[in-house]
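Peer 1: Generate coordinates for the sequence data below:
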Amino acid sequence: MFSAIYTRFPVAPKVIIYDFACQLAPYCLVREACYFQNTRFLIDEMHAHDHSHCGRACFASNVMRYDDQIRAVNTSAAECGNKGMKRIRKSVSFMAYNHAVQFTKVFLDIWNCNTIL
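Peer 2: Numbering: from 1, shown residues only. As a prediction, this is how the structure comes out:
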């Protein structure tokens, strides 16, 4: 996760909502403290109940009480996307790399359009 963020975003996101944000935050801050200095790391609502030893400040559900922007976010959106990806996993496994990438992109475009409408 660290590499995906650090190599693809010229500026760190203001908020990262992730199922293991409690572990990602210290890892990112030790590796690139200046880059992540203004980033808030939050545990999504679906996984927060499993984090009984983590500080409540990391829970997106607690931050939603006072932050309207976080309240507007579907913290389980990635889980929904993973569910959709399971539908094409077997088909993609039989495709050549270029075809699999194109097929996945089209699938996600259609998935996102259907979700918005």
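Peer 1: Please make it C-alpha for all contacts and neighbour counts, starting now.
Peer 2: OK.
Peer 1: tell me which residues in stretch 99-111 are buried?
Peer 2: Neighbour-count burial for stretch 99-111, counted by 16 or more other Cα atoms under 10 Å, picks out 100, 103-104, 107.
Peer 1: no no, stretch 33-45
Peer 2: Buried residues in stretch 33-45 (16+ other Cα under 10 Å): 36, 39, 41-45.
Peer 1: now the helix ranked longest in the chain: mean pLDDT?
Peer 2: Determined from DSSP state H, the single longest helix within the chain is helix 97-116. For helix 97-116, mean pLDDT is 83.
Peer 1: can you list contacts of that helix?
Peer 2: 84, 88, 92-93 (Cα atoms under 8 Å, 6 or more residues apart in numbering).
Peer 1: Looking at the buried residues of stretch 99-111, spot the one nearest residue 12.
Peer 2: Of all the buried residues of stretch 99-111, residue 104 has the smallest distance to residue 12: 26.4 Å, by Cα to Cα.
Peer 1: sorry, back to before: can you list the buried residues of stretch 33-45 in CSV and add distance to residue 24 and pLDDT?
Peer 2: Shown next, in CSV, are the buried residues of stretch 33-45 (distance: Cα to Cα, whole Å; pLDDT from 0 to 100):
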residue, distance to residue 24, pLDDT
36, 11, 94
39, 11, 92
41, 8, 88
42, 10, 84
43, 10, 77
44, 13, 75
45, 16, 59
